[in-house]
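Novice: Provided below for reference: sequence and predicted model.
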Amino acid sequence: MGRDYDFFLVMNACMVLFMQSGFALLEAGSVRAKNVTNILIKNLLDVVVGAIVYWACGFAFAYGKVKRSEHDYVASNIRIIHGGSFYGEFFFNFVFAATATTIISGAVAERVEFLSYLVYGVVATGFIQPVAVHWGWSNGWLLYPPEIIRLPPAVWYRDYAGGGNVHAVGGIAALVGCVFMGPREGRFEDGRKYHIPGHSTPLTCMGAFILIIGFLAMVLGHGDNVALGVTNLTIGGSMSGITCMCIVFIAPKLEYLWKYKIKKIPRSRKIKPKQYWSFLVLVDATLAGMVAMCAGCNVLEPFGAAIIGIVAGFGFAVTEHWLHIRQIDDPVGSIPVHLTGGVIGVLMAPLFANKEEEYSFIHWKGCDFDCVGDVNSTCVYNLGFQQLLWQMIGIVAILMWTLVLSSFIFWICWYCDILRVDMDTEVRGIDIAKHGEPAYPNAAYGHGWDTEGGS
Amino acid sequence: MGRDYDFFLVMNACMVLFMQSGFALLEAGSVRAKNVTNILIKNLLDVVVGAIVYWACGFAFAYGKVKRSEHDYVASNIRIIHGGSFYGEFFFNFVFAATATTIISGAVAERVEFLSYLVYGVVATGFIQPVAVHWGWSNGWLLYPPEIIRLPPAVWYRDYAGGGNVHAVGGIAALVGCVFMGPREGRFEDGRKYHIPGHSTPLTCMGAFILIIGFLAMVLGHGDNVALGVTNLTIGGSMSGITCMCIVFIAPKLEYLWKYKIKKIPRSRKIKPKQYWSFLVLVDATLAGMVAMCAGCNVLEPFGAAIIGIVAGFGFAVTEHWLHIRQIDDPVGSIPVHLTGGVIGVLMAPLFANKEEEYSFIHWKGCDFDCVGDVNSTCVYNLGFQQLLWQMIGIVAILMWTLVLSSFIFWICWYCDILRVDMDTEVRGIDIAKHGEPAYPNAAYGHGWDTEGGS
Amino acid sequence: MGRDYDFFLVMNACMVLFMQSGFALLEAGSVRAKNVTNILIKNLLDVVVGAIVYWACGFAFAYGKVKRSEHDYVASNIRIIHGGSFYGEFFFNFVFAATATTIISGAVAERVEFLSYLVYGVVATGFIQPVAVHWGWSNGWLLYPPEIIRLPPAVWYRDYAGGGNVHAVGGIAALVGCVFMGPREGRFEDGRKYHIPGHSTPLTCMGAFILIIGFLAMVLGHGDNVALGVTNLTIGGSMSGITCMCIVFIAPKLEYLWKYKIKKIPRSRKIKPKQYWSFLVLVDATLAGMVAMCAGCNVLEPFGAAIIGIVAGFGFAVTEHWLHIRQIDDPVGSIPVHLTGGVIGVLMAPLFANKEEEYSFIHWKGCDFDCVGDVNSTCVYNLGFQQLLWQMIGIVAILMWTLVLSSFIFWICWYCDILRVDMDTEVRGIDIAKHGEPAYPNAAYGHGWDTEGGS
């Protein structure tokens, strides 16, 4: 067991760690060229600083030994990882914590001050996410519900690959960050939204593909029903991507029909609706679908994965729209991908869990086995609802926890006036001002030949 | 077995799936900047749509249960994958089907209409490639030759990692696509060939490296003699790449010598032949060599791999030349890499299989064991030829099958006039017209600083 | 064992091979756009040529069977790999040899002649590095110290993942190459250093992330204490990166204080020191820290890894400074990363090895067990020093071996005048002159639309 298990764990952890480069490239491709180095250093730095912090205290908060009977909410014995044989677990959990932290870097891109991002990263990797992990994965109250509420033993908070305590944690913090930070200069003016394009779709694409592989590794690493897991992940992600791409393609046409055909708004000249197959929507919505699979991919029926994927696709489109209305500026779509996807996944997982699982809603039809738990002696019907309810309580608890703590940190940064770079730096670009390293220095381009080779 | 085997399979399948990003980047680097988003969305979309289609029917066509005695050619029971424990197999085979489909996207790049590519992708992933897999890998007539032709039991169609039913299927479809599509505007004019350079060699290089790793994973995933397999793959690919790079380097010199030294064509002024070490040739020919290894890498002797590699290198150069003469425009070299490489591999694998394999040609020398099969009671000499013949029949059958079906699909698309984008869009670029997302938007570049940092 | 072990080995070897693309991208991003294709082809070519050479003789030099009692220094039976069951070992060791060779390509970038790099690559992959491997990993004198010097049996040269015979070998050769080659035109003029920026930080970042994953795979592949290994690698790399980034951030301030506050140098006008958070320093120093972990990551205590990381961070900064003073031009930082990192790692590994290891310095406190070896009957105290001394002898021997041989090769290339491209080609760019393939051809950019899509 030992050695092979470690190999297992570490191998997959490496692939999950590789997601960091996926985030870095996806985000770099989605910002303007003048802020690329800034986003790259942020992404690399939250890994290296995160590794130290998670080693120093994060892992202890997450998996520190506490007597199980006490159900305390935060691990009591905090200490530097030292000795013992849990380095595999440490490394595996570190990469998830680092992922949760990285999520927000995209949302606050092109305007966040280097230092305040670092402060947030330290607290998030070292405390906020580990506590959520403690609750949901280690031995916290979500996994061992307090006896006083008398849940049947088969009901506990189920989140297989971190839909809640990785993605939703990152997503809600991203939302808080965006709200505190305010939109980028020029994004919303006079109540109108202006498009600020990213500087390179190939970088975004490369990043997205790495993230897709990373999601698969996330599922693999948890080691339960891996084949079903990756199948669900693929189907769910695909459905979400296709759904949302089609929504975005059809939307202008529908708006056009509504405005000029049904409401018959008068217009000076005929304009045809512009319909595009959007690559960036396909990418982001596919990722949102994969996030939505994380919570339950080891138990979902594939058709259930497809349905959740479609819901995630709609959820993505709705969230994006809501952000535009609220004038919240999320340059890379962190919030619709990770927050919406994560929450949808955690809530919908019990609905389509395959019928071997006691709490599955698919059970309803048959109800052909003895009910568990003395609370609901009538039927397993209740078990599904109780599971759903507990999932709901779990995700709300995790969201509130992250919301409160990250608001506090961002508020402090705002109070100390280190939250956002000054206007001049933002408009001219952060790379040169803060890092002295433009992503594409003019001096490095050009050549001295008249013709460009070839036949 | 179960769990570890699944882990095995899925892990490697993930790495093969990562090849999709390799194809995406290699192709993106090989087209002009105005069509980059278009090729990226095509590559991502054929994965996500392919996943749904392969789930819906592709896997059933490939591995649907049929009674073995009946030897029917297409699986009879088509149904959505649901229940059972074959998710690992499903996922593993899906990534190969997706690879076969993706191959053609490069060949028809910069001119294909989005919709017609999608139609082709659906049919290819859902039907064409699965049937070829059924024949060669699952339980079709190539694997269980009809009894009537009385082949010895040791002879059946051998294609270890998909040289035929993945690469050759993709390659021949790419050829059909290119012929139907016609060359890009400005590629061939007045009988002359004009070079249309790709926009970024680093993207191409990144893509190629990912493909190389993916090829290794393809071999690993099939799980037989993995160490020998990767060794052969590396040696064969290397030999092919070096051979072809040297051919391209020497060719202008030879042409020069032929023209002015031997034929003594008069010339107005002295021109030295321009000799280049071509990076793109090295990349593509290395990939062609690896494709040529797919069919037999688990049984080949390394020296045989080297010889096949050299042949593949020559084959690549000859195919490229033939395409130029026939004015067939394949922007990324899909045809010489996958079609030529795949066919050479399938045909040459028996010649250099190590002598433990009964059908190996290396056997001839010794002939020191009892012959198998009652047909050829003289010597195993025949066995090698019969194997070679059956490989030939197999690859021809697969090529014809794909040729006919893909011709039919492209013909329909041509008939419906959705095959190719209109001339205006092609000349100006597809990204902005169809996707509204240029790969490198001008608005995302530039900064507001006078000097560019640094010391 | 057999099959699983091979799978193990090959899987990780694939990930280490992927490092080649990491080197290619990191180096491509660090050079000017006019030399990108040149560096890419060099990196791909040293793999494909290296594969052939390592197959032809490299592996035989490294692991050729010699009778252990004879302790000869170079394997005697050189032969083409053929038959047998050591393909896994072959492939695994090949990727390390290829890594050692690739290291120098960055150091001599933008000026080396294609041919001379190839000559060096062939000798390095086929002979220089294999001999170092033979000494340290296979059955050479470092692993089995000559009996005459009467070292206790627990003392031998320990280099777990190639800090010495991969990284230091590559690093010292890079230094020799840089010295022979001389700096790039315009790098040092009138005793001053001029910054020549690389053309793309995203490429550099992508490359660095791939290298990080590759380092983890290097550790995994050796299969001993993998979980502890990756933990140490992560912590050591992080500490080094953070340390060096802070040094570079603080240095201008310190220099300023020294000059104007302490020494009170008069100045015409007030200039504030410019302080930057350097992304490229973070990247390179993190890699240096990881290199420093290679030698001992399977036995180090994590706190020891942190300390070695900090030392590596300082070492990186000092080496960089020394190179500037000596006017040695290393465009991508190969020397400080691989030479400094490798040497620090080999020397410091015994100091912080965990106390289960007999030779560990941490032992000193307790000294609570029977001493091994009849030489030092007093205390295990001596064992640690003897180990340290033997590490020192080992690394010096490896460095001298590589130094002498690579000097000889570069000297021959210099003598034949094929060492460096001519001045005209260097100034105008190598891509077009030698390869006919500019990395970013002007003809491939631009589009024909007035507006750039979007809303």
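Specialist: Great, that's in hand. Numbers count the residues shown, from 1 in each chain, chains lettered A, B, ... in the order given.
Novice: in the top helix by length along chain A, what counts as buried?
Specialist: Of all segments of type helix in chain A, defined using DSSP state H, the longest is helix A:381-415. Neighbour counts over helix A:381-415 (16 or more other C-beta atoms under 10 Å in any protein chain shown) mark A:382-384, A:386-388, A:390-391, A:394-395, A:397-399, A:401-402, A:405-407, A:409-410, A:413 as buried. C-beta coordinates here come from the backbone N, C-alpha and C atoms, glycine included.
Novice: That helix packs against which elements?
Specialist: Helices and strands touching helix A:381-415, by 3 or more C-beta pairs under 8 Å, 6 or more residues apart in numbering or on different chains; DSSP states H and E, are helix A:114-123, helix A:129-133, helix A:169-181, helix A:341-348.
Novice: Is stretch A:99-110 positioned near chain C?
Specialist: No - Stretch A:99-110 does not reach chain C (C-beta under 8 Å from any C-beta of the partner chain); its nearest approach is 12.1 Å.
Novice: Equivalent analysis for stretch A:237-252, please.
Specialist: No - judged by C-beta under 8 Å from any C-beta, stretch A:237-252 stays clear of chain C, getting no closer than 9.0 Å.
Novice: Need the CA coordinates for that stretch. CSV is fine.
Specialist: Taking Å, rounded to 0.1, in the frame of the first residue of the first chain, the C-alpha atoms of stretch A:237-252 are listed here in CSV:
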residue,chain,number,x,y,z
GLY,A,237,-17.7,19.7,-19.2
SER,A,238,-18.6,19.1,-22.9
MET,A,239,-22.3,19.6,-22.3
SER,A,240,-21.7,22.8,-20.4
GLY,A,241,-19.4,24.2,-23.1
ILE,A,242,-21.7,23.3,-26.0
THR,A,243,-24.7,24.7,-24.2
CYS,A,244,-23.2,28.0,-23.3
MET,A,245,-21.6,28.5,-26.7
CYS,A,246,-25.0,27.9,-28.3
ILE,A,247,-26.7,30.3,-25.9
VAL,A,248,-24.2,33.0,-26.8
PHE,A,249,-24.6,32.3,-30.5
ILE,A,250,-28.4,32.5,-30.3
ALA,A,251,-28.8,35.3,-27.8
PRO,A,252,-28.3,38.3,-30.3
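Novice: what about that stretch, distance to the chain center?
Specialist: 19 Å (C-alpha atoms, centre = their mean, to the nearest Å).
Novice: can you list contacts of it?
Specialist: Outside of stretch A:237-252, the residues within contact range by C-beta atoms under 8 Å, 6 or more residues apart in numbering or on different chains are A:212, A:215, A:273-278, A:281-290, A:292-293, A:305-307, A:309-310, A:312-314, A:316-317, A:341, B:44-45, B:47-49, B:51-52.
Novice: in that stretch, what counts as buried?
Specialist: Buried residues in stretch A:237-252 (16+ other C-beta under 10 Å): A:Gly237, A:Ser238, A:Met239, A:Ser240, A:Gly241, A:Ile242, A:Thr243, A:Cys244, A:Met245, A:Cys246, A:Ile247, A:Val248.
Novice: Can you tell me the element the second one falls in?
Specialist: So that's A:Ser238. For A:Ser238, the element it lies in under DSSP states H and E is helix A:226-256.
Novice: That helix - what's its average pLDDT?
Specialist: The average pLDDT for helix A:226-256 rounds to 93.
Novice: by how many degrees do it and helix A:341-348 diverge?
Specialist: Angle between the axes of helix A:226-256 and helix A:341-348 is 110 degrees (criterion: axes from the mean of the first three to the mean of the last three C-alpha atoms, to 10 degrees).
Novice: give me the residue from the stretch 201-350 of chain A nearest chain C.
Specialist: A:Leu203 (5.7 Å; C-beta to the nearest C-beta).
Novice: quick one: what helix or strand has that residue in it?
Specialist: Going by DSSP H and E, A:Leu203 is in helix A:201-222.
Novice: Compute the first-to-last residue distance for stretch A:180-193.
Specialist: Chord length of stretch A:180-193, first to last residue, is 19 Å (C-alpha to C-alpha, to the nearest Å).
Novice: does chain B sit close to that stretch?
Specialist: No - judged by C-beta under 8 Å from any C-beta, stretch A:180-193 makes no contact with chain B; its nearest approach is 10.5 Å.
Novice: what's that stretch in contact with?
Specialist: A:108, A:110-112, A:194, A:196, A:324, A:327-329, A:331, A:407, A:410-411, A:413-414, A:419-420, A:423, A:426-427, C:455.
Novice: buried set for it?
Specialist: A:Phe180, A:Met181, A:Pro183, A:Arg184, A:Arg187, A:Phe188.
Novice: Adding distance to C:Leu143 and pLDDT as columns, could you present those in a markdown table?
Specialist: What follows is these, written out as a markdown table (distance: C-beta to C-beta, whole Å; pLDDT from 0 to 100):
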| residue | distance to C:Leu143 | pLDDT |
| --- | --- | --- |
| A:Phe180 | 59 | 94 |
| A:Met181 | 57 | 92 |
| A:Pro183 | 62 | 94 |
| A:Arg184 | 59 | 93 |
| A:Arg187 | 62 | 92 |
| A:Phe188 | 67 | 92 |
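Novice: nearest to C:Gly207, of those?
Specialist: Nearest to C:Gly207 out of those is A:Arg184 (C-beta to C-beta; 28.9 Å).
Novice: Stretch A:108-115: which residues count as buried?
Specialist: A:Val108, A:Ala109, A:Glu110, A:Arg111, A:Val112, A:Glu113, A:Phe114.
Novice: which one among the residues you listed gets closest to chain C?
Specialist: Of the buried residues of stretch A:108-115, the one sitting nearest to chain C (C-beta to the nearest C-beta) turns out to be A:Phe114, at 6.1 Å.
Novice: State the distance from the closest one to C:Phe410.
Specialist: Using C-beta to C-beta, to the nearest Å, we find A:Phe114 at a distance of 42 Å from C:Phe410.
Novice: How about A:Leu17?
Specialist: 37 Å.
Novice: try A:Ala353
Specialist: A:Ala353 is 65 Å from C:Phe410, by C-beta to C-beta.
Novice: Burial check on A:Tyr445, number of neighbours?
Specialist: 14 (other C-beta atoms under 10 Å in any protein chain shown).
Novice: hang on, I meant A:Asp417
Specialist: A:Asp417: 10 neighbours (other C-beta under 10 Å).
Novice: which SS state does it fall under?
Specialist: coil (DSSP: H, G, I helix; E, B strand; the rest coil).
Novice: And the pLDDT for A:Ile265?
Specialist: 82.
Novice: And for the closest residue to it other than its chain neighbours, the neighbour number?
Specialist: Leaving out its chain neighbours, the residue that sits closest to A:Ile265 by C-beta to C-beta, 6 or more residues apart in numbering or on different chains is A:Lys259, at 5.0 Å. Using other C-beta under 10 Å, A:Lys259 has 13 other residues around it.
Novice: And A:Lys259, how close does it get to A:Val318?
Specialist: From A:Lys259 to A:Val318 the distance is 20 Å (C-beta to C-beta).
Novice: re earlier: regarding the residue nearest to A:Ile265, what is its secondary structure?
Specialist: Per three-state DSSP, A:Lys259 ends up helix.
Novice: correct me, but it touches A:Pro266?
Specialist: No - here A:Lys259 does not reach A:Pro266: they are 10.3 Å apart, not a contact under C-beta atoms under 8 Å.
Novice: orientation of the helix holding A:Ser238 relative to helix A:201-222 in degrees?
Specialist: Using the same axes, to 10 degrees: helix A:226-256 against helix A:201-222 is 140 degrees.
Novice: and the helix or strand following helix A:226-256, what does it pack onto?
Specialist: Using DSSP H and E, the helix or strand that follows helix A:226-256 towards the C-terminus is helix A:279-294. Of the remaining helices and strands, those touching helix A:279-294 by 3+ C-beta pairs under 8 Å, 6+ apart are helix A:201-222, helix A:226-256, helix A:302-325, helix A:341-348, helix B:36-53.
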